[in-house]
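Engineer: Model the structure of this input:
(one chain, ligands or ions: 1)
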Amino acid sequence: MNPPSNNHTIEPRDLGNSSANFNGINSLQSKVSSEAKFQHILHSPVMTEPSTTLISQVGHKFPEVFRLRQGSYGDLPSAKISELMKSTSLDHLLLQNAPTQSLLSVVNGILEESVERRNGEIPHRVACLLRKVVQEIERRISTQAAHLKTQNNLFKAREEKYHSRIKILEALTFGTKEESEVGRTKKEDKKVEELKHFDKINIEKEMVNDLKPIEGTKKMENDKDVIRYTKDIEDKNMEISTLKQELETMRKTYEVQLSQLEAKAEAEKKVDDKEIIKYVKELEDKNMEVLTLKKNLETMKKTYEIQCSQLEAKTEKEKMADDKGVIKYIKELEDKNVEILAFKQELETLKKTYEVKCSQLEAKVNEKENVDDKEIIKYIKELEDKNVEISTFKQELETTKKTYEVKCSQLEAKVEDAKEELKHKSQEYEHLLEKLRNEVKENEVISESKYQKWIMKENEIRKAVNFQFSSIQKLKLSWESIKQDAMKEQKIYSEECNLLGINLKSLVDAAESYQIVLAENRKLFNEVQELKGNIRVYCRLRPFLPGQKEKQSIVEHIGETDLVVANPAKQGKEALRTFKFNKVFGPTSTQAEVYADIQAFIRSVLDGFNVCIFAYGQTGSGKTYTMSGPNGATTESLGVNYRALNDLFSISTSRKGSIEYDIGVQIIEIYNEQVRDLLSTDASSKKLGILSHSQPNGLAVPDATMQPVKSTSDVIKLMDIGLKNRAKGSTAMNERSSRSHSVVSIHVHGKDKKSGSSLQGNLHLVDLAGSERVDRSEVTGDRLKEAQHINKSLSALGDVIFALAQKTSHVPYRNSKLTQLLQSSLGGQAKTLMLVQINSDLKSFSESLSTLKFAERVSGVELGAAKSTKDGRDVRELMEQVSSLKDTILVKDKEIEKLQLLKDLKNVYPSVNSENPETTSE
Ligand SMILES: Nc1ncnc2c1ncn2[C@@H]1O[C@H](COP(=O)(O)OP(=O)(O)OP(=O)(O)O)[C@@H](O)[C@H]1O
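Structural biologist: Reported below is the predicted structural model:
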């Protein structure tokens, strides 16, 4: 789609040259001026539209259309172009029907608008449109090229035909030798033969008619005439050859022109559509001319051919005639000569007629050209204008091109800069790349070394794996052997299990027998206890207290089971008296040491025995210390009560597999022969009765609060409560604890889990009131009453013990609340432990001696068999002593009652004189 350039513009001089060529070819065309020819070409429809289809569609109106479009495309408004650009109706048919000029104008318009409005940017849709238009133009050019080629081929074919015809003519002229050559083209030959035949018949008829009048006269003519005729024929042949030459020249000229046109067409294949159209138009004009010439030539040729055939026929006849016929033949030749002359004349006439016709045609053409001249000039002017516009457009294009070039140069400069930058960057990158390469090399080296290491490691691992594998194999083998062993072991195990079952059965039997043995052991233990004596007496000596001034002791010797007391009023051996007990604890003995010898009694409680442990002694001799411990006792100084309960819990826990124990605690107080519940919240007010016969559960005071205990801490809490309640009864004069008996009763109920049998054991821990002699107290009133109650209860205790010792049928338990309370734990299967507390200071000698004598008496009774070894005199002495003491007590009690009576009377009757108290007390 190159824009039309100046050298592509068809100038009149160019066309003049071509017309000159035509003039050289044909005399008819020589008369046509170059300018007229140009205008003729320009007016040709082919010039504006190469498409024959369009020509047929537009027909004679095409110039108008062309003119209109020629005139308007330059002025085509941009809006229209835009519309065209936007239009989707520019379909194939529209493209096909539109003149190439219009298509070019559309392209120009698009380019212009793109340059003006869009800074050279062409939208996609417009680009598509352009592509379509360009494709259409290209299609037309290619069609024209194909058309030219076809025409060229036609010309060549026609040329060949002419050549063959010329040859035929030559053959006709020079003899029949060439007949074979003439027959090469069957069609032509057939035509020629038909013509020949037709002409021959006619000629022969004419000749016969002509020869008839002169037949007689010409017979005599000689060979000269023949030569002349021959010469004439030769002349004819010359003329024919001249014609041939002319024809050849024409052909050559035509060929030259054709080649020029072809060259032009070939060269201008790529030129724009406008010029191609022009050239094609020109070519078609030439073709038309050539066709016209060819037609004329054809006519001429036919005429010549007929004549030639006639002549040939004549010549043949003449040649074939015998001597006789020579004259005739000569005549015929002469006739022929005449005929030739006539033919010549006819030819001349024809030529002239042809020329006349040509001149007429030329005249007509000139006429027409004159008529169209003005229009042509106008067209030329318009064309020039268009050329000017085109040149302007070209200039604009040039300007745009330059602008683009400038931009391009700028862009190139930028590109150069960018290239420089890129170069710089590429250098940097190369540097980096080099660096990276170095790093890569280093890494490669490292990785190589690592690889080597890995290989080494791999080898090591392989070795290890192999080793592991062999180990696994070994392990497998050992596993197998272990499996075998395990199976063996399992077998052995099952055997052993069976054996174990058997053994277990025997063990169960053994356990059962163990229980039996254990029961027997308990029985034996109790028997031993019994052998030792169900009433046992331990004597404990209180140490001197830290603030005590007089530290002279009456105790001369302390043995394991014996104690020697010295009477400070006597001298020598008479002063010494030995007492024997089951156990004697010196002043340095600890709480733990004392309890160790009591512990066995505690075990008996859990075996279902009743145990009574009571502390006997004068006030301040250490009863409470031994039973409970001092105030704020530590673990070491805890008394028998806590230790006994602690043991009960631990032993019951150890036996819980076989026996389930329930332990309950009661704490009561006997004061002035009244029983009080120390665990009750209103202990002071509540007075409890004692059952004459103890219950099967061993409870003598069932109304007293029974607190179940699970641990030692529970017991400690209860003890604290009991102590607090006991303390409430204390007076300013004396400690309550000294004047009442406190009893902590622990009731144990055990249930054998296996046999379901139950047992009941009771433990009484009794802290007795002080045993000091009442007569020494010099008391009156409440203290006297208290003393009497204390003496009575202690006396009743002594009576019970003696009764038990005498094994009399009647044991006087009912004489005191104390003996009533302890009834179940005194005598029978019950075990009784009396802890005799001695204050060894000199002041307490009398009380200590009295206590020791009481304890010795109790102890002596219980020793039973041992005691039986004693002689009868001692027993009697003791019995007498006891009875005298009893008598003395009775007398004393009577005196006390008398004195009390007198006292009361004196208060009522102050005038009544009282007796001497010293005499009554004695
Ligand atoms: N074995 C001992 N070791 C150290 N101190 C003791 C010992 N026995 C008793 N005592 C102390 O002697 C004092 C009197 O003891 P305790 O109160 O136990 O005598 P008691 O016989 O219970 O008197 P009461 O009949 O008035 O209750 C207390 O201060 C006590 O701490």
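Engineer: from here on, contacts and neighbour counts on C-alpha atoms
Structural biologist: Noted.
Engineer: Isn't Lys551 up against Asn839?
Structural biologist: No - with contact taken as C-alpha atoms under 8 Å, Lys551 and Asn839 are classed as non-touching, separated by 10.8 Å.
Engineer: which neighbours do the two share?
Structural biologist: With contacts defined as C-alpha atoms under 8 Å, 6 or more residues apart in numbering, no residue is adjacent to both Lys551 and Asn839.
Engineer: between the two, who's got more neighbours?
Structural biologist: The neighbour count for Lys551 versus Asn839, taken as other C-alpha atoms under 10 Å, is higher for Asn839 (25 against 13).
Engineer: The closest residue to that one other than its chain neighbours: neighbouring residues, count only.
Structural biologist: Closest residue to Asn839 in three dimensions, ignoring its sequence neighbours and counting by C-alpha to C-alpha, 6 or more residues apart in numbering: Ser621, at 4.8 Å. Neighbour count of Ser621, defined by other C-alpha under 10 Å: 24.
Engineer: Can you list phi and psi of Ser621 for me?
Structural biologist: Backbone torsions of Ser621, given as degrees, to the nearest 10, read phi -80, psi -10.
Engineer: In contact with it, which residues are there?
Structural biologist: Leu541, Arg542, Gln837, Ile838, Asn839.
Engineer: The last one against Gly620, yeah?
Structural biologist: Yes - when contacts are counted by C-alpha under 8 Å, Asn839 is listed as touching Gly620 (7.4 Å).
Engineer: Flag every buried residue along stretch 842-853.
Structural biologist: Neighbour-count burial for stretch 842-853 flags Leu842, Ser844, Phe845, Glu847, Ser848, Leu849, Ser850, Thr851, Leu852 (criterion: 16 or more other C-alpha atoms under 10 Å).
Engineer: tell me the secondary structure for the nearest residue to the fourth one once chain neighbours are set aside?
Structural biologist: Spelled out, it's Glu847. Nearest-residue entry for Glu847: Glu772, 6.0 Å, with adjacent residues in sequence omitted and distances by C-alpha to C-alpha, 6+ apart. With DSSP: H, G, I helix; E, B strand; the rest coil as the basis, the three-state label of Glu772 is coil.
Engineer: residues contacting Glu772?
Structural biologist: Contacts for Glu772 were tallied using C-alpha under 8 Å, 6+ apart; they are Gly617, Gln618, Thr619, Glu847.
Engineer: Farthest-apart pair in these, please.
Structural biologist: With distance counted by C-alpha to C-alpha, no two of the contacts of Glu772 lie farther apart than Thr619 and Glu847, which are 9.8 Å apart.
Engineer: residues shared between the contacts of these two?
Structural biologist: With C-alpha under 8 Å, 6+ apart, Thr619 and Glu847 have common neighbours Ser771, Glu772.
Engineer: How about the residues of the stretch 401-550 of the chain by the ligand?
Structural biologist: Arg542, Pro543 (C-alpha under 6 Å from any ligand atom).
Engineer: rewinding a little: closest one to the ligand out of the contacts of Ser621, please.
Structural biologist: The ligand lies nearest to Arg542 out of those, by C-alpha to the nearest ligand atom, at 4.5 Å.
Engineer: burial measure for that closest one, as a count.
Structural biologist: Applying other C-alpha under 10 Å, we find 22 residues neighbouring Arg542.
Engineer: again with the one 4 residues further on
Structural biologist: Other residues within reach of Pro546 by the criterion other C-alpha under 10 Å amount to 6.
Engineer: Am I right that it falls within a helix?
Structural biologist: No - checked against three-state DSSP, Pro546 lies outside a helix; its state is coil.
Engineer: Can you tell me how far it is from Gly639?
Structural biologist: Note on Pro546: its distance to Gly639, by C-alpha to C-alpha, to the nearest Å, is 20 Å.
Engineer: burial count for Gly608?
Structural biologist: For Gly608, the number of neighbouring residues by other C-alpha under 10 Å comes to 18.
Engineer: tell me the SS of it?
Structural biologist: Local secondary structure at Gly608 is given as coil here, using three-state DSSP.
Engineer: My read is that it contacts Leu763, right?
Structural biologist: No - here Gly608 does not reach Leu763: they are 10.0 Å apart, not a contact under C-alpha under 8 Å.
Engineer: before we move on, back to that, and the residue nearest to Asn839, how far from Gly827?
Structural biologist: With C-alpha to C-alpha as the criterion, Ser621 and Gly827 are 27 Å apart.
Engineer: List the contacts of the residue lying closest to Ala830 once chain neighbours are set aside.
Structural biologist: In space, not counting the residues next to it along the chain, Ala830 is nearest to Asn610; the distance is 4.8 Å by C-alpha to C-alpha, 6+ apart. Contacts for Asn610 (C-alpha under 8 Å, 6+ apart) come out as Ser604, Gly761, Asn762, Leu763, Ser824, Ser825, Gln829, Ala830, Lys831.
Engineer: so of those residues, which ones are in strands?
Structural biologist: Counting by DSSP state E, the part of these found in strands is Gly761, Asn762, Leu763, Lys831.
Engineer: Please give me every residue in contact with the residue lying closest to Ser652 once chain neighbours are set aside.
Structural biologist: The shortest distance from Ser652 to any non-neighbouring residue, by C-alpha to C-alpha, 6+ apart, is to Tyr661 (6.2 Å). Contacts for Tyr661 (C-alpha under 8 Å, 6+ apart) come out as Ser652, Val748, His749, Gly750, Lys751.
Engineer: Where does the first one sit: helix, strand or coil?
Structural biologist: To tie it back to what came earlier, the one meant is Ser652. With three-state DSSP as the basis, Ser652 sits in helix.
Engineer: again, but for the last one
Structural biologist: Secondary structure, three-state DSSP: Lys751 is strand.
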